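Enquirer: this one's sequence-less:
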């Protein structure tokens, strides 16, 4: 699967959701919204872990969705699941670190 592909098949999505269930959010988006720092931290986390949870604080539901969509586009990731203020995103690392990658650690 290429990194630019925005669709996951049902089996892959289930597998990723199962792995993500036990994860804690590693990125939080606060009242300041989507800053360059948040984007950089998300890119770093995706590079290290491949599959991460993000919590979006504050704002109305529609505003949170806009922030999430923009972040996903900026980091070229794929949305796996969205529940309330938490979103799970995925980006394949071609050379994952065995000790950091959530996919390697939990499969």
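Expert: Yep, that arrived. Small disclaimer: the values here were computed from a predicted structure and weren't measured.
Enquirer: now the farthest one out in this protein, which residue is it?
Expert: Here the chain reaches farthest from its C-alpha mean at residue 60, the gap being 20.1 Å by Cα atoms, centre = their mean.
Enquirer: buried residues of stretch 52-67, list them for me.
Expert: By neighbour count with 16 or more other Cβ atoms under 10 Å, stretch 52-67 contains the buried residues 52, 53, 54, 56, 59, 64, 67. The way it works is simple: take the backbone N, C-alpha and C, and place the C-beta from them, glycine included.
Enquirer: and the pLDDT for the last one?
Expert: According to the per-residue confidence, residue 67 scores 95 in pLDDT.
Enquirer: show me what contacts it?
Expert: Residues near residue 67 by Cβ atoms under 8 Å, 6 or more residues apart in numbering: 29, 33, 34, 56, 59.
Enquirer: from the residues you listed, which two are the most distant?
Expert: Maximum pairwise distance among those (Cβ to Cβ): 10.9 Å, between 34 and 59.
Enquirer: for the protein, which segments count as strands?
Expert: Taking DSSP state E as the criterion, the chain carries its strands at 25-29, 51-56, 78-83, 86-90.
Enquirer: contact partners for the spatially closest residue to residue 54 that is not a sequence neighbour?
Expert: Among residues not flanking residue 54 along the chain, residue 27 sits closest, at 4.5 Å (Cβ to Cβ, 6 or more residues apart in numbering). With contact set as Cβ under 8 Å, 6+ apart, residue 27 has these partners: 38, 41, 42, 45, 52, 53, 54, 55.
Enquirer: make it 7 Å
Expert: 38, 41, 42, 45, 52, 54 (Cβ atoms under 7 Å, 6 or more residues apart in numbering).
Enquirer: let me know the closest of those to residue 73.
Expert: For the contacts of residue 27, the nearest to residue 73 is residue 42 (11.6 Å; Cβ to Cβ).
Enquirer: my guess is that closest one contacts residue 75, does it?
Expert: Yes: using Cβ atoms under 7 Å, residue 42 makes contact with residue 75 at a distance of 5.2 Å.
Enquirer: the two - which one has more neighbours?
Expert: residue 42 (23 against 18; other Cβ atoms under 10 Å).
Enquirer: ok, back up a step: as CSV, the contacts of residue 27 with distance to residue 13 and pLDDT would be great.
Expert: Rendered in CSV, the data for the contacts of residue 27 read as follows (distance: Cβ to Cβ, whole Å; pLDDT from 0 to 100):
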residue, distance to residue 13, pLDDT
38, 25, 96
41, 25, 97
42, 20, 97
45, 20, 97
52, 15, 98
54, 17, 98
